[in-house]
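Fold the stuff below for me.
(one chain, ligands or ions: 1)
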Amino acid sequence: MKKRLRTALTLAALPFSVSMAFAADAPTLSAEAKAASGKIYFERCAGCHGMLRKGATGKNLEPANSAKLGQSRLEKVIGYGTEGGMPNFDDILTKDELKNIATYIQMPPEAPPEWSLDDMKKTWKLHVPVDQRPTRKMNSVNLNNVFSVTLRDAGEVALIDGDTKQIWGIVKTGYAVHISRISLSGRYIHVVGRDGRLDMIDLWYEKPTVVATIKAGFETRSVDTSKAKGYEDKYAVVGSYWPPQYTILDGLTLEPLKNVSTRGTTVDGAYHPEPRVASIVSSTTKPEFLISVKETGMVKMVDYSDLTNLRETTINTAKFLHDGGYDSSKRYFLVAANASNKIAVVDIKEGKFEALVDTAKIPHPGRGANINHPKYGPVWATSHLGADVITLIGTDPKNRPEHAWKVVQELKNHGANSLFVKTHPKSDNLWADSPLNPDPKLAGSVTVYKVSELGGADAKPEVIDVAAAARLGQTKGLQRVVQGEYNEKGDEIWFSVWTGNKTEPSAIVVIDDKTRKVKHVIKDKRLVTPTGKFNVHNTQHDVY
Ligand code: DHE
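As a prediction, this is how the structure comes out:
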C-alpha cells in the first residue's frame, strides 16, 4: 500500500510531458483537432460536466472514467444522447467532430487560467458614462412588454416589442449568450454570455443601446441586480463557472468592485476545486443576493450592504445546485439539487435552511411556476430532465403546514428531458416543455394543464405541437420548443422553436393563453437560434 502511494506521489510531482510518457497507448489528437475539440467541449459539454470534468448535472468525465467506456461507446452516447437526460449532438456536430470529442474527453483535462478583478478591469468598457445618458425615455415603445430574446448561436439578443411583435433592435453580446435579467427600475437589461461577457443595455434610447461591457470570467451563466429598498439598480452580480467565483459590480457602470471565490468544501466535507456559481436571485426584502454554488451544494446569502465587511450566510443543502426561483410570497427560494433529485428550500426571511424535498429524477425548473392549487393552495412547480412528470410542491407552511415542502401532486408531462415550466398570476394554465427529448414530436410539443381543474380526478392535459404550428418545413436540426414566457398582461405565452443550428430557420410562436390557439408566428432571418425569452415586466418583478 505504502509503495503504491509513493509511486503515485512521484508521478504527480513529475512534469506533465514526462508523466504522459508512461501512458504510451493514451488517446491523442493532432494539435489542430485538440484545439477544435477543446472549443467544442467548452461550448457544448463543460456546462454539465465541468471544465475539470469532475461531473455535476452530467457524469464525471475524467480519463479514468471516460476511458473505461471507450471510443465507440462514447461516440454513440454523444451522438444519440441517453434517457438519463444527456441530449443528442448528432444534429449539431459532424461525424469527425463527434469522433474527436470522444477522444478528447479521454485525454487529461486542462484548467483554464484564473481571472482577477484587475483582469476584469482591463476589459471594462464604459461606452456611455451615466451623466451622458438620456434623462428621459427617447422612444414610444411600451418597455414593460419588451422581450429580450437570446439568439444563442449568433451571440446576440433581439429586443422584441411585445405589443407589435416587431424586432425593435438586435444587440451584439457575448458568445452563446445565455440569460437576461432586468434591473429593478426596468431601464437596464443585463445580458450574460457563456464567455463571461456582460452587456448592459439601456432601454431609454431610441434604439436599445449598450452602455457598458465587461468580461467577468471565462465561463458564466448567471447575472442579477440589487433589488432591496435603497439599493435599486445599485449593484449587479455575475456568477461564473470558471473561475469559480462571483463578482459584484457597479449596477450603473459595470465597474467590478468585489470578487469572491467559491472554492472550498462541499456539503459532504470534501474539498472541491471547481464549485461553480449556478442560479442567482436577488432578495426584494433584504440587501442580499442568493447564490447557488453547484458543486458544494450550498446557497450563499450575500449581504451587499457593506462590500468591505462582506457577510455571507452559507446554507448547506444538497448537490448539485442548478436553477431555481421564488415561491409566490417571495419568502422562500426553491432551487434544484439536480443530481440528488431534490428541491432545496431556503427561508430568506430567517436566513436559514428550510427543507429538502425528494422529487423524481433531475428536477429542472428554470425559475419554476407558482400556482394556486384548488386543493393544496400555493404550490410551486418544476418539470424534470430525467422523468416525464411535473412536480407540485406545497409552499405555505403557515396556513397549510400539512402540505408544505411535500410533493402534493405529480402531473404527467408529454415527455422527459424537460427544461422549463411556466405560468402567470393572471393565467389558469400551467405549461411544460421537453426540448431535449430525442423524439422530434416530443421535443416540438408542450403540455398544458388548467390549474382550476387540478383538484379533480379528471384533470386532463392538452399536448400542443408548437413546432408544427411554426411551419418551418424540414430542417436538419430537431425543432426544439423551449421556454414559455408570458407577456406583461399574462394573456399570451411565447415559445421558441429552436433548430439548434444557426444556418436553419427558427421562430417564436405566440399562443393566446385563453384559447390556447396560435395567435402569431414571429419569423425573421435575424432570429437565429432563439432560446430564452425575458419579458421586462415579468423578469423585473420575478413574476412566474
Ligand atoms: Fe441554461 C437558466 C446553466 C444550457 C437556456 N441555465 C440557467 C441557469 C443556470 C443555467 C445556472 C440559472 C440562471 C439564473 O437563474 O441565475 N444552462 C446551464 C448549463 O450549465 C447548461 C446545462 C449547459 C451549458 O453549457 O450552458 C445550460 N440553458 C442551456 C441551454 O442549452 C438552453 C436551453 C439554451 C440556451 O440559450 O443556452 C438554456 N438557461 C436557459 C434559460 C434560462 C437558463 C432560458 C433562464 C430561465 C428563466 O426562466 O429564467
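
By mean pLDDT, flag the weakest helix or strand of this structure.
Every helix and strand of the chain was ranked by mean pLDDT, DSSP states H and E. The lowest is helix 2-13, at a mean of 31.

Next, count neighbours for the residue of the chain found nearest the ligand.
Using CB to the nearest ligand atom, the closest approach of the chain to the ligand is made by Gly47 at 1.9 Å. All C-beta atoms are positioned from the backbone trio N, CA, C, and that covers glycine. Using other CB atoms under 10 Å, Gly47 has 19 other residues around it.

what mean pLDDT does the stretch of helix or strand it belongs to have?
Following DSSP states H and E, one finds Gly47 within helix 46-49. Mean per-residue pLDDT for helix 46-49: 89.

Point out the other helices and strands that it packs with.
Contacts defined by 3 or more CB pairs under 8 Å, 6 or more residues apart in numbering; DSSP states H and E place helix 46-49 against strand 219-225, strand 235-242.

Just put the ones you listed in a markdown table and tack on distance to Ala318.
Output for the helices and strands packed on helix 46-49, formatted as a markdown table (distance: least, CB to CB, whole Å):
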| stretch | distance to Ala318 |
| --- | --- |
| strand 219-225 | 19 |
| strand 235-242 | 19 |
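
can you put those strands in CSV and add distance to the ligand and mean pLDDT?
Below are the helices and strands packed on helix 46-49 laid out as CSV (distance: least, CB to the nearest ligand atom, whole Å; pLDDT from 0 to 100):
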stretch, distance to the ligand, mean pLDDT
strand 219-225, 3, 96
strand 235-242, 7, 97
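
Columns mean neighbour count and distance to Lys460 on top of those strands, output as CSV?
Shown next, in CSV, are the helices and strands packed on helix 46-49 (neighbours: other CB atoms under 10 Å; distance: least, CB to CB, whole Å):
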stretch, mean neighbour count, distance to Lys460
strand 219-225, 25, 36
strand 235-242, 26, 40
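
closest one to Asn142 among the ones you listed?
Of all those, strand 219-225 sits nearest to Asn142, with 21.3 Å by CB to CB.

Tell me which residues are up against that closest one.
42, 46-47, 51, 112, 178-179, 181-184, 188, 190-196, 198, 233, 235-242, 251, 276-282, 289 (CB atoms under 8 Å, 6 or more residues apart in numbering).

same thing but at 7 Å, please
Around strand 219-225, the neighbours that count as contacts under CB atoms under 7 Å, 6 or more residues apart in numbering are 46, 51, 178-179, 181, 183-184, 190, 192, 194, 196, 198, 233, 235-242, 251, 277-282, 289.

Give me the angle between it and strand 235-242.
Strand 219-225 and strand 235-242 are oriented at 160 degrees to each other (axes from the mean of the first three to the mean of the last three CA atoms, to 10 degrees).

Now do strand 219-225: distance to the chain's middle.
When C-alpha coordinates are averaged (CA atoms, centre = their mean, to the nearest Å), strand 219-225 and its chain have centres 9 Å apart.

Can you list the strands that it pairs with?
Sheet pairing of strand 219-225 (DSSP bridges) gives strand 235-242 (antiparallel).

can you give me the angle the next helix or strand after the strand it pairs with makes with strand 235-242?
On the C-terminal side of strand 235-242, the closest following helix or strand by DSSP H and E is strand 245-250. Orientation check (the same axes, to 10 degrees): strand 245-250 against strand 235-242 gives 160 degrees.

which other helices and strands contact strand 245-250?
strand 235-242, strand 256-261 (3 or more CB pairs under 7 Å, 6 or more residues apart in numbering; DSSP states H and E).

Where does Asp199 sit, in terms of helix or strand?
With DSSP H and E as the test, Asp199 turns up in strand 197-202.

pull the CA atoms of that strand into PDB?
Written as PDB, here are the backbone C-alpha positions of strand 197-202 (Å, rounded to 0.1, in the frame of the first residue of the first chain):
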ATOM      1  CA  ARG A 197     -19.100  38.900 -21.300                       C
ATOM      2  CA  LEU A 198     -21.700  41.000 -19.600                       C
ATOM      3  CA  ASP A 199     -23.500  43.700 -21.600                       C
ATOM      4  CA  MET A 200     -25.700  46.400 -20.000                       C
ATOM      5  CA  ILE A 201     -28.400  47.600 -22.400                       C
ATOM      6  CA  ASP A 202     -30.200  51.000 -21.800                       C
END
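
all numbers from here: first residue = 10
Happy to do that; since the first residue is 10 now, the last one works out to strand 206-211.

Please compute how far that strand lies from its chain's middle.
For strand 206-211, the distance to the chain centre is 17 Å (CA atoms, centre = their mean).

how far out from the middle of the chain is the next helix or strand after it?
Later in the chain than strand 206-211, the nearest helix or strand by DSSP H and E is strand 218-224. Its chain's average C-alpha position is 21 Å from that of strand 218-224, according to CA atoms, centre = their mean.

residues making contact with strand 218-224?
Strand 218-224 is contacted by residues 129, 132-137, 142, 180, 205-211, 258, 262-263, 265 when judged by CB under 7 Å, 6+ apart.

Tell me how far the residue of the chain closest to the ligand lies from His433.
Going from Gly56 to His433 by CB to CB, to the nearest Å gives 28 Å.

so who does Trp414 touch?
The contact partners of Trp414, taken as CB under 7 Å, 6+ apart, are Val354, Glu363, Ala364, Val366, Ile402, Gly403.

switch the cut-off to 8 Å
Contact analysis of Trp414 by CB under 8 Å, 6+ apart lists Val354, Glu363, Ala364, Val366, Ile402, Gly403, Thr404, Pro406.

TSV please, covering these and showing pLDDT.
TSV is the format used below for the contacts of Trp414 (pLDDT from 0 to 100):
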residue	pLDDT
Val354	98
Glu363	98
Ala364	98
Val366	98
Ile402	98
Gly403	98
Thr404	98
Pro406	98
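
Export these as CSV, with columns for distance to the ligand.
Listed next are the contacts of Trp414 as CSV, based on distance: CB to the nearest ligand atom, whole Å:
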residue, distance to the ligand
Val354, 16
Glu363, 19
Ala364, 20
Val366, 19
Ile402, 18
Gly403, 22
Thr404, 18
Pro406, 24
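
Got the phi and psi for the spatially closest residue to Glu471 that is not a sequence neighbour?
Using CB to CB, 6 or more residues apart in numbering and skipping residues adjacent in sequence, the residue nearest Glu471 is Val457, 5.2 Å away. With angles defined as degrees, to the nearest 10, Val457 sits at phi -140, psi 130.

I'd guessed Val457 sits against Asn438; true?
Yes: between Val457 and Asn438 there is a contact at 5.2 Å, judged by CB atoms under 8 Å.

intersection of neighbour lists for the two?
Arg525.

Tell me the helix or strand right after the longest strand belonging to the chain.
Longest strand in the chain, counting residues (DSSP state E): strand 372-382. Using DSSP H and E, the helix or strand that follows strand 372-382 in sequence is strand 386-393.

got the angle between that following strand and strand 372-382?
Going by the same axes, to 10 degrees, strand 386-393 makes 160 degrees with strand 372-382.

ok, and does strand 386-393 reach over to the ligand?
No: shown here: strand 386-393 not in contact with the ligand (CB under 6 Å from any ligand atom), separated by at least 11.9 Å.

Repeat that for stretch 447-455.
No: Stretch 447-455 does not reach the ligand (CB under 6 Å from any ligand atom); its nearest approach is 11.6 Å.

what about the helices in the chain?
11-22, 25-31, 40-49, 55-58, 72-78, 80-89, 104-113, 126-132, 449-452, 475-479, 545-549 (DSSP state H).

can I get the ones you listed in CSV with distance to Glu411?
Listed next are the helices of the chain as CSV, based on distance: least, CB to CB, whole Å:
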stretch, distance to Glu411
helix 11-22, 54
helix 25-31, 59
helix 40-49, 50
helix 55-58, 37
helix 72-78, 44
helix 80-89, 43
helix 104-113, 50
helix 126-132, 49
helix 449-452, 35
helix 475-479, 37
helix 545-549, 31
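
sorry, back to before: how about the residue of the chain closest to the ligand, what does it touch?
Thr66, Arg203, Glu228, Arg230, Tyr250.

Relative to Tyr553, how far out is it?
Using CB to CB, Gly56 is found at 22 Å from Tyr553.

cool, and Gly64?
As for Gly64, its distance to Tyr553 is 29 Å (criterion: CB to CB).

Alright, calling it a day.
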